[in-house]
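> need the 3D shape of this:
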Amino acid sequence: MAEHLITRDAPTHRRWEVDQEPVVRIQPGDVVTAETDDFAGGQITRDSTAADLPKLDFDLIYPLAGPIHVEGAEPGDAVAVEFLEFELPEWGWACIIPGFGLLPPGEFTDPYIKFFDLTGGDDPPVGRITLGGDTAAPLPAPQRIHADAQRSRGITDG
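Sure, this is the predicted structure:
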């Protein structure tokens, strides 16, 4: 069993598409450590305010570590992934950015940001935040990715 490291210095991408070259090739059973940034790609700091949200460079959001090529896996195969460890930062954040995401248009007119202490300190979040693994997804067949990409871009065949 080999161990692999994907650092924050490794090239990242921000889209799920089949033409992304793997950043690492592994054998089944290998261990991969991936260092990743948050949704905003590190643009938000503990000193950020709601006024910083509209200034985000949206070309830098959703940094993804990978793809990871598992030798022997074929499109459509189920690949079991076990998260051996998950290290949290000392703080996290959530936000509302008017006009972004799935929020109804016009429902929220001002940006909002909320910070959370993730060390168990004095600023517990309202409700409960489940802290766990990130997203890992097997690569579907190229035809499926092409169809999904066309649909997301509003393109149809014909």
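> show me what contacts Gly41?
Counting by C-beta atoms under 8 Å, 6 or more residues apart in numbering, Gly41 touches 57, 60-63. The way it works is simple: take the backbone N, C-alpha and C, and place the C-beta from them, glycine included.
> no wait, Ala65
6, 10, 12, 23, 34-36.
> make TSV out of the residues you listed and add distance to Glu107 and pLDDT.
Shown next, in TSV, are these (distance: C-beta to C-beta, whole Å; pLDDT from 0 to 100):
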residue	distance to Glu107	pLDDT
Ile6	37	90
Ala10	38	77
Thr12	31	73
Val23	38	89
Ala34	35	89
Glu35	35	87
Thr36	30	84
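> and Lys55, what are its phi and psi?
Main-chain torsions, Lys55, degrees, to the nearest 10: phi -90, psi 0.
> what about it, neighbour count?
For Lys55, the neighbour count with other C-beta atoms under 10 Å is 9.
> over to Ile6?
The local packing of Ile6 (other C-beta under 10 Å) involves 18 other residues.
> what do you get for Val70?
Neighbours around Val70, by other C-beta under 10 Å: 21.
> also Arg25?
By other C-beta under 10 Å, neighbour count at Arg25 equals 12.
> tell me the contacts of the nearest residue to it once chain neighbours are set aside?
Nearest residue to Arg25, sequence neighbours excluded (C-beta to C-beta, 6 or more residues apart in numbering): His69, at 4.4 Å. By C-beta under 8 Å, 6+ apart, the contact set of His69 is 22, 24-26.
> list the buried residues for stretch 87-94?
Across stretch 87-94, burial judged by 16 or more other C-beta atoms under 10 Å covers 92-93.
> chain center to it: distance?
Relative to its parent chain, stretch 87-94 has a centroid offset of 14 Å by C-alpha atoms, centre = their mean, to the nearest Å.
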